[in-house]
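J.: sharing a sequence plus its predicted fold:
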Amino acid sequence: MERTEVLVIGGGATGAGIARDLARRGVDVTLVERDGLASGTSGRSHGLLHSGARYAEADGPEAQACLEENRIVRRIAGECVRDTGGLFVELAADDPAYFEAKRAACENVGIPTDVVDGAAAREAVPGLATDVERAMEVPDGVVVPSRLVAANAADARDHGARIRPHTPVTSMTTEDGRIRSVTLGGDADATLSPEYVVNATGPHAGRVAAMAGAAVEMRPTRGVMVSVEYPGLEPVLNRCREPADGDIVVPHDGEVVLGTTSVAVDDPDDYERADWEITATVRECAAMLPPVADADHVRTWWGVRPLYEPDEATRGGRGISRGFHLLDHAEAGVENCCSIVGGKLTTYRRMAEATADLVCERLEVDADCSTGDERLPAASDPDRLDEFVREFDGQGPTDADLVGS
C-alpha cells in the first residue's frame, strides 16, 4: 500500500491549485484525476477572468474576491491569461436602472469602470450592435485554462507532488471515522493510505464524498459554449441585464466563444445536449454583436457548473453569486476529509489557499501560502506551457484554438 500525506481528488484548476499550494508548504501530496487534467469544468468553461463586475450588485464580497484574484492571476500566470478588458453593454431594450445599479456597485467595490456612449463603444468595437445605448469598461480578461491548470500541476510536481492523470478513484475504506485507504484504477491500479483526503471534484463532489460516508448536496447545471470564427474582437462583451442565456462573448485570436445557458442536470456525466441551447445562445449574443449570427461554427461544447445546493436554494438561483464552500467532513464523522465546492475559475487560487490552510491545520503543518507571490513555472513561455498541457493530457475544448498555436 502506497502512502501519502494528502490525496487531492480532482485535476481541475482548484485541485491543481491545492496540490501546488500544499507542495510549496512542504506537504507530501498526490493528485489524481480520472481523465486528463482540466477535463471537467475548468477546461469546459468560456474562460472569463472575472473583474467582479458580474456580481457587484448582488454580492459585494464575492465581487471583491474576484477583483483581488483577477489581479493576482494576471501577476503570476503570464501567458495563461489574455489581457483583453471587458465591456458591459446596454441595449435599447435593457433596463437603464440595472446599468446604473451595476456601475454604482462596481464603484463601491473598487472595480475600475469607465462609461462610454454607444457611438464611442461602436468605434472601439467594430460590429457592435447599432442599438447599444452605452457601455461600461471593466478589467475583465480571458483565461487559457488548459495552460493554467497544467502550470499549477507542473509547479506542484516540481515541489515534490505526484500528478496522476487517468487515475480514477474506485473505492474508499473507512474505519473509526477516518478514511484508511483509497483504491485507484486506470493507469495507477494501486491503493493509497492517505492521512488526509481533499475532494475537489466539482460537480462530482457528492458522489466522491459518498464513498467516504459524507454527504455533499450538489445542484449541477449545464451550459453550452459555441466557438465561431470571428477575428479581431478585443474586449469581452457582457450584456448588462439580469443574467440570462447568451449574455457573454469571449474573444480568442481568430474566434469568439459565445455563452451560455443554465439547465439543471441529474448526472454531470450523462445529460442532454439540446439544439435549442445553441440556437438561443447564438441569437442572444448576436443581439450584442450581430455578425456572429452568420459566422462559421468551429466547435460546440457543454460544461457543468459545480453548484452547491444549499447556497443555490438560499440565494435564489442563476447568476446571484458564485462563492465557494469548504466543507469539513469532521463535523459529519469523517475526520480526515473535506470537500471544496462552488466557486469559479477566477477564484481557484483563493479556494486552494483556504483548503490548504484547513489541511495544514489538521496535519499540524506550520507554513504559509506562497501561491499569490510566486509566478507559475514558464509563465512567460507559451511553448513550455503547452508542453505541460501535453504532459498532463490537459487539453480542454475552451482553448483548443489557443494552445499550441
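T.: It's in.

J.: point out where the stretch 101-250 of the chain drops to low pLDDT.
T.: Within the stretch 101-250 of the chain, no stretch has pLDDT under 70.

J.: quick one, helices of this structure?
T.: Listed in chain order, the helices of the chain (DSSP state H) span 13-24, 60-77, 96-109, 118-124, 145-158, 205-211, 275-288, 309-315, 348-363, 382-391.

J.: skip the chain neighbours and tell me the closest residue to residue 265.
T.: Of all residues beyond its chain neighbours, the one nearest residue 265 is residue 271 (4.0 Å), with distances taken as Cβ to Cβ, 6 or more residues apart in numbering. Just so you know, the C-beta spots here come from the backbone N, C-alpha and C atoms, and that holds for glycine as well.

J.: next one: phi and psi at the one you found?
T.: Residue 271 adopts backbone torsions of phi -150, psi 160, taken as degrees, to the nearest 10.

J.: residue 125 and residue 87 touch, don't they?
T.: Yes: shown here, residue 125 and residue 87 form a contact pair, counting by Cβ atoms under 8 Å, at 6.9 Å.

J.: more crowded one of those two?
T.: Comparing residue 125 with residue 87 by other Cβ atoms under 10 Å, the one with more neighbours is residue 87, at 26 against 22.

J.: residue contacts, that one?
T.: Residues near residue 87 by Cβ atoms under 8 Å, 6 or more residues apart in numbering: 121, 125, 135-138, 235-238.

J.: now do it against residue 234, distance only.
T.: Remark: distance between residue 87 and residue 234 (Cβ to Cβ, to the nearest Å) = 9 Å.

J.: list the residues that contact both of the two?
T.: When contacts are counted by Cβ under 8 Å, 6+ apart, residue 87 and residue 234 have residue 125 as shared neighbours.

J.: which among the helices of the chain is found nearest to residue 171?
T.: Residue 171 lies closest to helix 205-211 among the helices of the chain, at 6.4 Å (Cβ to Cβ).

J.: what does the closest one rub up against?
T.: For helix 205-211, with Cβ under 8 Å, 6+ apart as the criterion, the contacting residues are 9-10, 169, 171-172, 199, 201, 215-218, 306, 329, 337, 339-341.

J.: which of these are buried?
T.: 9-10, 169, 172, 199, 201, 216, 218, 306, 329, 337, 339-341 (16 or more other Cβ atoms under 10 Å).

J.: now distance to residue 187 too, for those residues, in CSV please.
T.: Rendered in CSV, the data for those read as follows (distance: Cβ to Cβ, whole Å):
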residue, distance to residue 187
9, 15
10, 16
169, 13
172, 19
199, 20
201, 18
216, 26
218, 27
306, 24
329, 27
337, 24
339, 24
340, 24
341, 26
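
J.: ok, which pair from those is furthest apart?
T.: For those, the maximum inter-member distance is 20.0 Å, found between 172 and 306 (Cβ to Cβ).

J.: okay, domains of the protein per the record?
T.: By the record's domain assignment, the chain is partitioned as 2-42+145-218+320-391, 86-138+221-305 (automatic domain parsing).

J.: out of the ones you listed, deepest packed?
T.: The highest mean neighbour count among the domains of the chain, using mean count of other Cβ atoms under 10 Å, belongs to domain 2-42+145-218+320-391: a mean of 22.

J.: quick one: end-to-end length of that one, please.
T.: Using Cα to Cα, to the nearest Å, the end-to-end distance of domain 2-42+145-218+320-391 comes out at 23 Å.

J.: roughly how far is that domain from the heart of the chain?
T.: Relative to its parent chain, domain 2-42+145-218+320-391 has a centroid offset of 14 Å by Cα atoms, centre = their mean, to the nearest Å.

J.: same deal with stretch 36-52?
T.: Between the centre of stretch 36-52 and the centre of its chain there are 4 Å (Cα atoms, centre = their mean).

J.: and it, average pLDDT?
T.: Per-region confidence: stretch 36-52 scores 97 on mean pLDDT.

J.: would you put the C-alpha positions of it in CSV?
T.: What follows is stretch 36-52, C-alpha atoms only, in CSV (Å, rounded to 0.1, in the frame of the first residue of the first chain):
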residue,chain,number,x,y,z
GLY,A,36,-6.6,14.2,-18.3
LEU,A,37,-6.2,17.4,-16.3
ALA,A,38,-8.7,20.2,-16.9
SER,A,39,-11.1,17.6,-18.5
GLY,A,40,-14.0,18.8,-16.4
THR,A,41,-15.5,22.2,-15.5
SER,A,42,-12.2,24.1,-15.7
GLY,A,43,-11.4,23.1,-19.3
ARG,A,44,-15.0,23.3,-20.5
SER,A,45,-15.8,26.9,-19.4
HIS,A,46,-16.0,30.1,-21.5
GLY,A,47,-12.7,31.2,-19.9
LEU,A,48,-13.7,34.5,-18.5
LEU,A,49,-11.3,36.1,-16.0
HIS,A,50,-13.9,37.9,-13.9
SER,A,51,-13.3,41.5,-12.8
GLY,A,52,-16.1,41.1,-10.2
